[in-house]
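> With the input below, show me the fold.
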Amino acid sequence: MKRNGGDVRADRVTDAASRAARSARTVEEFFEKVKRATRPALRFDICAGVTVDPQTLMNTGGDYRDALPPSMMPRMLDIEYREGDANDLSDLATRTTPVGLLSRETGGCLERSPRYRDIMRPLGFRDELRVLLRDRHGVWGALIMGRAQDAPPFAPSDLAVAASLAQPLGSVLRRLHLTRLAEAGASAAAPGLVLLDEEYRVVHRTPTADMWFDGLGQPADAAAPFADERLPPAVYAVAAAVQASDAPGTHTSWMHSRTHGRVRLNAWCLGRSDTTGARTAVVVEQAGSGEHFGLIAAAYGLTPRERDVTGLVLRGHSTADIARRAGLSPHTVQDHLKSVFDKTGLHSRRELVAGVFARHYL
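Numbers count the residues shown, from 1 in each chain. Down below sits the predicted model:
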C-alpha cells in the first residue's frame with residue numbers, strides 16, 4: 001500500500017530523532033540531540049525538554065536552555081500544578097495519542113488559556129505543541145514547543161510527527177532514568193530550606209539549599225528581577241502543587257542533580273499567618289535508597305504484584321514467606337519472579353539483589 005507524504009515525513013523525522021536519542025549518554029544530552037534532530041521538521045522557536053515522575057507526573061528536571069526565560073518559570077509551573085489549564089500534562093496522559101495543540105484544545109480561543117494570556121502572548125508566541133514521551137511502562141518526560149507570532153501555525157502534519165516521537169523517545173528516556181540512578185552518588189550535605197512568598201519569590205534560603213541545587217545547570221536570566229534567586233523548575237512545581245485547592249497541605253516530589261543524584265523535595269503550605277510573608281516551605285534533602293524502588297520498578301515495567309513480590313525478595317523473604325504475606329500460592333510467586341527476571345534480564349534472586357537493584361536501591 002502506498003504511504004502518504006505525511007507518514008513518510010513522520011517516519012523520517014522519528015528515525016533521525018530515535019538514532020540521536022539512542023546515542024545520548026545523559027538526559028541532558030538526550031534532549032539536546034532530540035531537539036537538534038527535530039527542529040528542522042517541527043520548526044519550533046522555543047522548546048523545553050521536561051522529565052517527570054511516571055507515578056505523579058511531577059516535574060523532576062530536564063533541559064530548559066531553549067525554553068522560556070527562567071523569570072517565567074514560576075508562573076508556568078503554577079499554572080501547570082496549581083491553577084490548571086488546557087493541554088496540561090495530566091490531560092495528555094489520559095489520551096491514546098499524547099499530543100496536544102493549545103489552540104485546538106481551547107477551540108481556537110487562546111484567550112481562555114492562562115498560559116497563553118500570562119506567558120505566551122507577552123513573549124510573542126502564537127501557539128504551543130506538547131507531546132508526552134511515553135512507552136508502555138509509563139510517562140517519562142515531554143517536549144513542550146512554541147512558535148512565534150510571525151511563524152506559520154503548527155499544521156496537522158506537525159502533530160503527526162510529534163505523535164510518532166512519543167513511544168520511541170519515551171523508551172530511550174526510560175532507560176536513561178535507570179542509568180542516572182545507577183551512577184548517582186550519595187551526598188552528606190545537610191537538608192536545605194527555601195521559603196517562598198505567594199508569587200514564588202524567595203523569602204529565605206539556607207546556605208545548604210544552594211549546595212543541593214549545585215550541578216543542575218540552570219540557565220542564567222540577567223533580565224530577571226530576582227536572577228540570583230532562580231530555583232530549579234522542580235522546586236516551583238512542588239511549591240505550586242501544595243498550594244492547589246485540593247492539596248492536603250503537604251506534597252513530596254523529587255528532582256535529579258548531577259552532583260547529588262536523586263533529591264527529595266518536601267513542600268508545606270504555611271497559610272497566611274507567617275510574618276515573613278512566606279506561603280510555602282520546601283525542604284531539600286537526599287532521597288532515601290528505598291525511594292528509588294518505585295521509579296526502578298516502573299522503568300522495568302513491573303506490575304503492582306511483581307513490585308510487591310520483588311520488594312519482599314529484596315528484604316530477604318523466602319518463597320513460602322512471600323506466599324503467606326501476599327496471599328498467593330508458592331507456584332504463583334515463582335511465576336511472578338520469572339516475569340521479573342525476564343523484564344530485568346536477570347536469572348536468579350541473587351542477581352536480583354546483587355545486580356540491578358543493588359546498584360539502584362540498596
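> Which pLDDT value goes with D214?
In this model, D214 is scored at 73, pLDDT.
> Test my guess that it contacts V284.
No. The pair D214 and V284 fails to qualify as a contact (Cβ atoms under 8 Å) at a distance of 11.2 Å. (Glycine included, C-beta is placed from N, CA and C.)
> Can you pick out the residue with more neighbours from those two?
V284 (30 against 13; other Cβ atoms under 10 Å).
> doesn't that one fall inside a helix?
No. Assessed with DSSP: H, G, I helix; E, B strand; the rest coil, V284 is strand; it does not lie in a helix.
> Was I right to think it contacts L265?
Yes. If you go by Cβ under 8 Å, V284 and L265 touch, sitting 6.1 Å apart.
> which neighbours do those two share?
V235 (Cβ atoms under 8 Å, 6 or more residues apart in numbering).
> Could you identify the longest helix within this structure?
Taking DSSP state H as the criterion, the chain has its longest helix at helix 156-183.
> For that helix, buried residues please.
157-166, 168-174, 176-178, 180-181 (16 or more other Cβ atoms under 10 Å).
> Wait, a strand at M255?
Yes. According to three-state DSSP, M255 belongs to a strand.
> got the contact list for the residue nearest to it when sequence neighbours are not counted?
Here the nearest residue to M255 in space, its sequence neighbours aside, is A234; by Cβ to Cβ, 6 or more residues apart in numbering that works out to 3.6 Å. Contacts for A234 were tallied using Cβ under 8 Å, 6+ apart; they are M58, N59, T60, G61, S253, W254, M255, L265.
> hang on, A41 packs against V13?
Yes. Between A41 and V13 there is a contact under Cβ under 8 Å: 4.5 Å.
> Could you check which of the two is surrounded by more residues?
More neighbours surround V13 than the other of A41 and V13, with 21 against 18 (other Cβ under 10 Å).
> buried sites along the helix or strand containing the more buried one?
Assessed by DSSP states H and E, V13 sits inside helix 5-22. For helix 5-22, a neighbour-count test (16+ other Cβ under 10 Å) marks G6, R9, A10, V13, T14, A16, A17, S18, A20, A21 as buried.
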